[in-house]
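K.L.:
This is the structure alone, sequence omitted:
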């Protein structure tokens, strides 16, 4: 607003009149321009993180005005809680399985679908489309497809000669079912990023290889994969960061069950905070998530600054 | 390619399309069935008669007009706020040198790595003490700017040649005018890309409204659809799928119109 007013002043006024004013104006301008964004960051991102760390050292139930300082008590209780250990285990299994499967499948798809022609761009679009659909719809659609009695998936399973699978109602299968949904949703996104990575590999490397009559698999292992390693690394870290925060599919499809088999870290925070009102517990679990995310981010920036490739 | 290989390639392509498109087809087909037609095994592929009534039943089972309008207000409101805060911040980071610039930019980059799933609890407590819980402001303000947007747009602004700006300065254009008349039009493709990304993300969002709202007054469409399960009972899949179509169709329409921009928008987040 103040800039709007200032912009009415012509910029070439006599020097004596404007120097002081325009110097302070020029000095302040960038700060005024970044201020709105920074205020939002402070209020809604940085300050809350500090508040969460503060709460993790306190006992509080949201209703009473008292916040009692309890030191590391919340963390000790978490580590001693068998449910929390199961939650961590579930989160890790879910994260590693979905990242491993998504990366492997999308790498294979990208090597295959990285071709010109409308068929290939159509298929790239089709594979990508689940990525822009709300997780609500993705979850409900797959709940319906995984319905034990009338679901489409069990029809395929029976066609292949197996027994119907209780996808979401058996503790043995529920977490795997959620992994399947996450792979289905994100594989197209990863594939397109891999394709972008493949297309940025200099063509002359391949020309040299074909002059030398290098066999195809050697081109793949000696040129394509090494040159793709920055993309591979980036997607692995992004995948880990995203999967460790899984919540929506669980909230809609299983509610953490059956018998806690799909309870993960963010679900645990949500439940402790909003259902049991144990804010100290929830905050301590939040701090553990913060530590995990910080480590992943630091690895990312560390390796990024060294650059992961061989040229 | 030899013929056999070409044939096998074709089969594999068809298989991939089936895996990714069939669930959507199944959703559409289910949304037009009678309840009885959903409760048969082996499944019936297509409905006998198209039951459009399912859409009305889904829409009328709750204040869906309210949910829909809330969703529009939130997604568009966020977009407007983000443009208003992201453009000047990105411009300042790209074109000016000022003390503590790197520090402020580091704050921006740190924020880029903080997900909603990490901070929802303390933000919930703050919003509740500011009286913003269960209001549309509580859904809009935390996303009133975007670190990703600042990052993206800064790159674009940096690429504008210095001569263009110098020429404008020689013509006595004010800094504000340079930003509005020269930089923003030149950054239009990036702004479209970012706008699509932001709109789709917040239109689809379920987590934040789930945590920050408690009444229908401020609930958005994804929440309303998820609640259909309680209203309609968990097994009325025809009506549940019809409800989800209402949520998915706008996004699919945008996707068909602007497929290339949308793919670029989302893939941009991957190739920095």
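P.N.:
Received, thanks. Everything quoted here is computed from the prediction, not taken from an experiment.
K.L.:
quick one: contacts of stretch B:181-196?
P.N.:
The contact list for stretch B:181-196 (Cβ atoms under 8 Å, 6 or more residues apart in numbering or on different chains) reads B:79, B:82-83, B:86-87, B:91, B:146, B:148-149, B:152-153, B:155-157, B:160, B:164-165, B:168, B:173, B:254, B:258, B:261-262, B:264-265, B:268. In short, each C-beta sits where N, CA and C put it, glycine included.
K.L.:
Is it possible to mark the buried ones in these?
P.N.:
B:79, B:82-83, B:86-87, B:91, B:146, B:148-149, B:152-153, B:156-157, B:160, B:165, B:168, B:173, B:254, B:261-262, B:264-265, B:268 (16 or more other Cβ atoms under 10 Å in any protein chain shown).
K.L.:
Close to chain A as well: tell me which of those residues qualify.
P.N.:
B:86, B:91, B:173, B:262 (Cβ under 8 Å from any Cβ of the partner chain).
K.L.:
mind checking pLDDT for residue B:40?
P.N.:
Per-residue pLDDT puts residue B:40 at 86.
K.L.:
list the contacts for it?
P.N.:
For residue B:40, counting by Cβ under 8 Å, 6+ apart, the contacting residues are residue A:150.
K.L.:
Please name the nearest non-neighbouring residue to the residue nearest the centre of chain A.
P.N.:
In chain A, the centroid-proximal residue (Cα atoms, centre = their mean) is residue A:242; its distance is 2.0 Å. Take residue A:242 and drop its neighbours on the chain: the residue closest to it by Cβ to Cβ, 6 or more residues apart in numbering or on different chains is residue A:186, 7.7 Å away.
K.L.:
buried ones in the one helix or strand residue A:127 maps to?
P.N.:
In this structure, residue A:127 sits in helix A:118-128 according to DSSP states H and E. In terms of neighbour count (16+ other Cβ under 10 Å), helix A:118-128 has its buried residues at A:123-128.
K.L.:
can I see the domain layout of the chain?
P.N.:
Picked chain A for this. As given by automatic domain parsing, the domain ranges for chain A are A:2-56, A:73-306.
K.L.:
Oops, wrong one, chain B.
P.N.:
Per automatic domain parsing, the domain ranges recorded for chain B read B:3-55, B:62-232.
K.L.:
I'd like the average pLDDT over the longest one.
P.N.:
Read it as domain B:62-232. For domain B:62-232, the per-residue pLDDT averages 92.
K.L.:
do stretch A:68-83 as well
P.N.:
Here the average pLDDT along stretch A:68-83 is 91.
K.L.:
quick one: that stretch to chain centroid distance?
P.N.:
Computed by Cα atoms, centre = their mean, to the nearest Å, the chain-centroid distance of stretch A:68-83 equals 27 Å.
K.L.:
What's the end-to-end length of it?
P.N.:
24 Å (Cα to Cα, to the nearest Å).
K.L.:
Now that stretch: buried residues?
P.N.:
Residues of stretch A:68-83 classed as buried: A:70, A:73-75, A:78 (neighbour count, 16+ other Cβ under 10 Å).
K.L.:
Run through the helices of the stretch 51-200 of chain B in chain order.
P.N.:
B:53-60, B:64-95, B:101-112, B:116-129, B:136-140, B:147-159, B:162-170, B:175-177, B:184-186, B:188-204 (DSSP state H, counting those that start in this stretch).
K.L.:
want to try a markdown table for those, with distance to residue A:64 as columns?
P.N.:
Formatted as a markdown table, the helices of the stretch 51-200 of chain B follow (distance: least, Cβ to Cβ, whole Å):
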| stretch | distance to residue A:64 |
| --- | --- |
| helix B:53-60 | 42 |
| helix B:64-95 | 33 |
| helix B:101-112 | 32 |
| helix B:116-129 | 14 |
| helix B:136-140 | 24 |
| helix B:147-159 | 36 |
| helix B:162-170 | 58 |
| helix B:175-177 | 51 |
| helix B:184-186 | 51 |
| helix B:188-204 | 35 |
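K.L.:
Tell me which of those helices sits nearest to residue A:228.
P.N.:
Across the helices of the stretch 51-200 of chain B, residue A:228 has its closest neighbour in helix B:147-159 (22.5 Å, Cβ to Cβ).
K.L.:
Which other helices and strands does the closest one contact?
P.N.:
helix B:64-95, helix B:101-112, helix B:188-204 (3 or more Cβ pairs under 8 Å, 6 or more residues apart in numbering or on different chains; DSSP states H and E).
K.L.:
Out of the ones you listed, flag the one nearest residue A:219.
P.N.:
Of the helices and strands packed on helix B:147-159, nearest to residue A:219 by Cβ to Cβ is helix B:188-204, at 33.3 Å.
K.L.:
any idea how far the closest one is from the chain center?
P.N.:
So, by Cα atoms, centre = their mean, the centroid of helix B:188-204 is 7 Å from its chain's centroid.
K.L.:
buried sites along that helix?
P.N.:
By neighbour count with 16+ other Cβ under 10 Å, helix B:188-204 contains the buried residues B:190-191, B:193-204.
K.L.:
from the residues you listed, which single one is nearest residue A:288?
P.N.:
Among the buried residues of helix B:188-204, and counting by Cβ to Cβ, the member closest to residue A:288 is residue B:201, at 26.3 Å.
K.L.:
I believe residue A:272 is in a helix; please confirm or correct that.
P.N.:
Yes. Per DSSP: H, G, I helix; E, B strand; the rest coil, residue A:272 lies within a helix segment.
K.L.:
could you pick out which of the buried residues of helix A:118-128 are near chain B?
P.N.:
Contacts with chain B within the buried residues of helix A:118-128, as defined by Cβ under 8 Å from any Cβ: A:123-128.
K.L.:
Which strands or helices does the helix or strand harbouring the residue nearest to residue A:242 pack on?
P.N.:
Using DSSP H and E, residue A:186 sits in helix A:171-199. Where contact means 3+ Cβ pairs under 8 Å, 6+ apart, helix A:171-199 is packed against helix A:82-113, helix A:118-128, helix A:135-145, helix A:225-244, helix A:248-253, helix B:3-31, helix B:259-268.
K.L.:
Which of those helices sits closest to residue A:49?
P.N.:
Nearest to residue A:49 among the helices and strands packed on helix A:171-199 is helix A:225-244 (15.8 Å), distances taken as Cβ to Cβ.
K.L.:
The closest one: which residues count as buried?
P.N.:
Across helix A:225-244, burial judged by 16+ other Cβ under 10 Å covers A:226-228, A:230-244.
K.L.:
Likewise for stretch B:129-145?
P.N.:
Buried, per 16+ other Cβ under 10 Å, within stretch B:129-145: B:132-145.
K.L.:
so what's residue B:147 up against?
P.N.:
Counting by Cβ under 8 Å, 6+ apart, residue B:147 touches A:41, B:108-109, B:111-112.
K.L.:
rerun at 10 Å
P.N.:
Taking Cβ atoms under 10 Å, 6 or more residues apart in numbering or on different chains, we find residue B:147 in contact with A:37, A:40-41, A:45, B:86, B:89, B:105, B:107-114.
K.L.:
so how far is residue B:24 from it?
P.N.:
Relative to residue B:24, residue B:147 is positioned 33 Å away (Cβ to Cβ, to the nearest Å).
K.L.:
How about residue A:78?
P.N.:
41 Å.
K.L.:
Around chain B, pick out the residues from the stretch 201-311 of chain A.
P.N.:
By Cβ under 10 Å from any Cβ of the partner chain, the residues of the stretch 201-311 of chain A that approach chain B are A:230-231, A:234-235, A:238, A:241-242, A:244-249, A:251-252, A:265-267, A:269-270, A:272-274, A:279, A:282-283, A:285-287, A:289-290, A:292-294, A:296-298, A:300-301, A:304.
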